[in-house]
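[1] only geometry, no sequence info:
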């Protein structure tokens with residue numbers, strides 16, 4: 001997954017892309033009715049990077065040890 005950087009992959013096994021794929025797969029397999037309309041009327045049925053970023057910021061998930069790892073310096 002993260003060739004050449006084992007330390008990174010050991011602690012951060014969910015990049016944003018992989019997390020989005022996992023969330024969207026869970027929505028699909030659990031048949032969760034997730035949809036919203038864009039301004040142009042188009043219906044979206046997947047979680048996007050923007051959706052996930054807003055969710056993480058709204059719930060301060062990066063500050064909660066349950067949802068994020070402390071930074072490694």
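    Cool, got the structure. Since the structure is predicted, the reported quantities are computational estimates derived from the model, not experimental observations.
[2] how about the longest helix that the chain contains: buried residues?
    When the chain is parsed with DSSP state H, its longest helix is helix 16-29. Using 16 or more other CB atoms under 10 Å as the test for burial, helix 16-29 gives 20, 23, 24, 27. (C-beta placed from N, C-alpha, C; glycine too.)
[3] Tell me how far the last one lies from residue 40.
    Counting by CB to CB, to the nearest Å, the separation of residue 27 from residue 40 is 22 Å.
[4] Would you convert the buried residues of helix 16-29 into a markdown table that also reports distance to residue 44 and pLDDT?
    As requested, the buried residues of helix 16-29 are arranged in a markdown table below (distance: CB to CB, whole Å; pLDDT from 0 to 100):
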| residue | distance to residue 44 | pLDDT |
| --- | --- | --- |
| 20 | 13 | 89 |
| 23 | 13 | 89 |
| 24 | 11 | 92 |
| 27 | 11 | 92 |
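[5] Rebuild those as JSON lines, extending it with distance to residue 54.
    Output for the buried residues of helix 16-29, formatted as JSON lines (distance: CB to CB, whole Å):
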{"residue": "20", "distance to residue 54": "13"}
{"residue": "23", "distance to residue 54": "13"}
{"residue": "24", "distance to residue 54": "16"}
{"residue": "27", "distance to residue 54": "17"}
